[in-house]
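Enquirer: Test case, fold it:
(2 chains)
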Amino acid sequence: MTVAIKVLADSVCDVPRDLAARLGIALIPTVVTIGSQSYLDDDVQLTRDEFYRRLPMLNPLPTTSACPLGLTRDMVATAAAEARHLILIAAPARLSGIYNNFRLAAEEFAPGRYTLIDSGQLTMGAGFLVLEAAEAALAGASVEEIVARLQALQSRIYIYAALSTLDNLLKSGRVGWATALAGRILGIKPVLSLRQGVVESLANIRTFRRATDHLIDLAMQHTPLERLAILHTDNLAAANELKSVFAPVFPLEQILVVNVNPSLGTHVGAKGLGVALITRT
Amino acid sequence: MTDQTPLSSEYASLDGRQFKSMLLAGMAWLEQHYQIVNQLNVFPVPDGDTGINMLLTMQSAYSEIAELDDPHVGNVARKFAKGAVNGSRGNSGVILSQIWRGFSVALRELERLDTPGFVSACETGTRFAYDAAPKPAREGTILTIIREVSERLGSEVETRPDLRDLLVSAVDQANDALVRTPDMLPILKQAGVVDSGGQGLTFILEGMLRHLRGESLEAEMVAAAAAAPGRKQVPVMSAMEFGHPYDVQMLVTGTNLDVEHIRVAIEKMGDSTIVTSDGDTTVKIHVHVFDPGQPISYASRLGVISDVVVENMYQQYLENIGVEVVEAPKPTVELLPGDVAVVAVSPGDGLARVFYEQGAARLVSGGQTMNPSVEEICTAINELSAEKVIFLPNNSNIVLAAQQAARKCKDKQVVVLPSKNVPQGVVAMFQYANVRLHEANRNNLDLFVEQMSEALEQVMAGEVTTAVRSVEIDGVRAEAGQLIGLLEGKIVVSGDDLAQLMHDLIGRLDSNAYELVTLYYGSNVTAAEAQDIGDALGHDYPYFSFEVVAGGQPHYHFFLSIE
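Expert: As a prediction, this is how the structure comes out:
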């Protein structure tokens, strides 16, 4: 079966599997290595529940790596055979090697008929772009229309997160400013934002409850909202509570609640909360 | 110190020298009794010691006239008031200093102190004291004592031309008002004490009367002379209490060196400044500073420097008394011109590290048992290059002195954020750090004040200490020497075992309202003890997180920050 446009993304975008299947999105898994054992982040080799059950006990932390080039080539080749044009949406090039692997595979199997987009985002911040692209493709939009749509959306996507621990961020070493917080006397719950691939510290707060309140304040300043997802790292009860806070400003049934993928979870730690949104303004 | 001038037999009036002797007698009598005043705290905690605060205020006042030999009462009163205001500590000390300010205003033009002058001084003092006190003014305090004294004297001034007689009435009225203070303030009645500040003032008036009666003050004056607070047996001084640690000495050789100019510049860098010259080519500089680089780089711009000696006096002090040397807490914040800076009061080295970690630019040593003076606060603020300063007193008994200091620092915009305890100060500092995360906001004083003020309400404070006397308050009984636990200033538990008391105290907390308890352990608790207690609490109360942090504060086993 040949389709006009197929959307591919990495598993870090956190689009739920059922939704991806329904919209014809190919999710290319990244790799999480625990000790000497590597797992594909495909919700089969390593489920999220199992990962987070083990995470607090893991020392050293798992390591994470981009979608393996071999698997990426296979999946891109399959997609290239199914579709006339590929839209590949990758995690930020400045944070991961995914973008480069996507480029290599697409250049090999779909030269001249692919579009590679740096989402500038992680988890559902990227997931929203993937969903938009797939929905538009199913509705018959052209590549140019889809790309223009995604570009317009990128500046309206916001992700905020409240972490319950600073340890994982410190150990991951991917966020420069976090190292300045090493060796502190008083513990903190950092509140972060992710914009255009840059992780920024917005506030350092003593308690998770107040960090969550701050998160809500940050999200609410963007109402009215076009899309909304609640993110958590193995913190479902708190995520559902957070979801209900948005009832006055957004239809509850349209709010996705996502347990964040293990690749990202390794770097931010368990029991965190977050919000991904697209603002209408 | 035997400059007691004999009085005329009539006691109709005093000259400046006699007035000075009378003030000394007031101070000396307070010195004899300040510990009684200390013990009148409503809560039996070693807190906001009114007696020592009033005494230190009096000593600072007297130090301004100690060398003075002036027959003019107005001059003596003016200098005495200046010293009182600069050295005032704690709420009672500040109010006392305002009484002396009132005296100085009323007596300004008087050569001799007579009875109408004394009455007018008391009246003006009363007005100044009420103006300075927190509003609404609380009756049953030192304010009531000075007001009733001044009213009584006002009604008797026509019939009592004799100063001694007038002071008899003053002391009589003061004592009369004092015993009624528990009827005016229920909290005094509950604790079974009279008002401490009122008691302090009464002692001062009594001492003045004793002097007019010719009762011997020799012993008291010796005591007063020896009463410099630094001579008291104190535990190891913290780096902050010690002050400027570096002794810097050097010679500068150059042309046209302006000694006065250099002295002014060096004085701004620290204290104990000595700048001398042997002609106009060589200047010798000596100063105590926090940053030895500052005077050295300054001097190297003036000419060639030589014989540079830098000594760490604090390290020497610790070595002399056999204490292991640890690195002193120091600021971490890097302020740019225009930035809002924070000066905070910290009662221990551990807490100093915490305040510096959140970005305090300068700390003033002090707290529960030793309230910093207005002058110390002023100095700390003035030593900063920042023009906009937020001051955190971190103790309700320092708020008033801080407000006085803020008014005195006229060259700067100073805002006193009335943090009542250390936990409030720390959460305010967190907000300070958060506002600073956004560079564009770093000079926005209003924004800092707004955000930090909001934070004050986000934390509940707890304390654990030893009861300094037996007490029963709100149904909790504690014998002197027993441990007591307080929440928001109220005693809620007592006992003999620290771990058990901590368990009982945490048991009082609403598990739905709080998630994090920070335990700042004091200098009377070891790190291992504190950690054991923290671990046990974590086991007993799994729904709270416990953080154990070295506070280093004296007398208090723990400060608790409950969020």
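Enquirer: For residue B:394, the count of nearby residues, please.
Expert: Neighbour count for residue B:394, taken as other Cβ atoms under 10 Å in any protein chain shown: 31. For the C-beta atoms, the positions are set from N, CA and C on the backbone; glycine is no exception.
Enquirer: what does residue A:171 give?
Expert: Residue A:171 has 16 nearby residues by other Cβ under 10 Å.
Enquirer: which secondary element of the chain has the worst mean pLDDT?
Expert: Picked chain A for this. The weakest-scoring helix or strand in chain A, judged by mean pLDDT, DSSP states H and E, is helix A:176-179 (a mean of 75).
Enquirer: not quite, I wanted chain B
Expert: helix B:218-225 (a mean of 50).
Enquirer: and the next helix or strand along the chain from it, how far from the chain's centre?
Expert: With elements assigned by DSSP states H and E, the helix or strand that comes after helix B:218-225 is helix B:239-242. Offset of helix B:239-242 from its chain centre (Cα atoms, centre = their mean, to the nearest Å): 14 Å.
Enquirer: care to break chain A down by domain?
Expert: Domain assignment for chain A by automatic domain parsing gives A:3-30+A:66-154, A:157-279.
Enquirer: Quick one, grab the pLDDT at the residue most central in space within chain A.
Expert: Closest to where the C-alpha atoms of chain A average out (Cα atoms, centre = their mean) is residue A:123, at 1.3 Å. On pLDDT, residue A:123 comes in at 97.
Enquirer: again, but for the one 4 residues further on
Expert: Looking at residue A:127, its pLDDT stands at 98.
Enquirer: before we move on, what about the one 4 residues further on?
Expert: At residue A:131, the pLDDT value in this model is 98.
Enquirer: swap in the one 3 residues further on?
Expert: Note for residue A:134: predicted pLDDT of 98.
Enquirer: Report the separation between it and residue B:169.
Expert: 94 Å (Cβ to Cβ, to the nearest Å).
Enquirer: swap in residue A:105?
Expert: From residue A:105 to residue B:169 the distance is 101 Å (Cβ to Cβ).
Enquirer: The two: which is more packed in?
Expert: Set residue A:105 next to residue B:169 and count neighbours by other Cβ under 10 Å: residue A:105 wins out with 28 against 18.
Enquirer: tell me the phi and psi of the more buried one?
Expert: phi -70, psi -40 (degrees, to the nearest 10).
Enquirer: That one and residue A:132: what is the separation?
Expert: Distance from residue A:105 to residue A:132, counting by Cβ to Cβ: 23 Å.
Enquirer: if we can go back for a sec, of the domains of chain A, give the one that comes closest to residue B:561.
Expert: For these, proximity to residue B:561 was assessed by Cβ to Cβ; domain A:157-279 is nearest, at 8.3 Å.
Enquirer: How about the closest one and chain B, any contact?
Expert: Yes: using Cβ under 8 Å from any Cβ of the partner chain, domain A:157-279 reaches chain B at A:184-187, A:201-210.
Enquirer: so which helix or strand takes in residue A:72?
Expert: helix A:69-82.
Enquirer: same question, residue A:115
Expert: Here residue A:115, judged by DSSP H and E, is contained in strand A:114-118.
Enquirer: next one: residue B:354
Expert: Assessed by DSSP H and E, residue B:354 sits inside helix B:349-357.
Enquirer: And for that helix, what's in contact with it?
Expert: Contact with helix B:349-357 is made by A:184-186, B:238-240, B:328-333, B:344, B:346, B:363, B:422, B:425-426, B:429, B:520-521, B:549-553, B:559, as judged by Cβ atoms under 8 Å, 6 or more residues apart in numbering or on different chains.
Enquirer: Any quick ChimeraX command for the buried ones out of the residues you listed?
Expert: If you want just the buried ones from the contacts of helix B:349-357 in ChimeraX, going by 16 or more other Cβ atoms under 10 Å in any protein chain shown, the selection is:
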select /A:186 /B:238,239,240,328,329,331,333,344,346,363,422,425,426,429,520,521,549,550,551,552,553,559
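Enquirer: For the stretch 301-450 of chain B, give the residue positioned nearest to chain A.
Expert: Minimum separation of the stretch 301-450 of chain B from chain A (Cβ to the nearest Cβ) falls at residue B:434, amounting to 4.5 Å.
Enquirer: Between helix B:349-357 and the strand or helix carrying that residue, find me the angle.
Expert: Element membership for residue B:434, per DSSP H and E: helix B:422-436. With axes from the mean of the first three to the mean of the last three Cα atoms, to 10 degrees as the basis, helix B:422-436 and helix B:349-357 are set at 20 degrees to each other.
Enquirer: Could you list every helix and strand that helix B:422-436 packs against?
Expert: Helices and strands touching helix B:422-436, by 3 or more Cβ pairs under 8 Å, 6 or more residues apart in numbering or on different chains; DSSP states H and E, are strand A:198-205, strand B:340-346, helix B:349-357, strand B:388-392, helix B:445-456, strand B:460-466, strand B:516-521, strand B:556-562.
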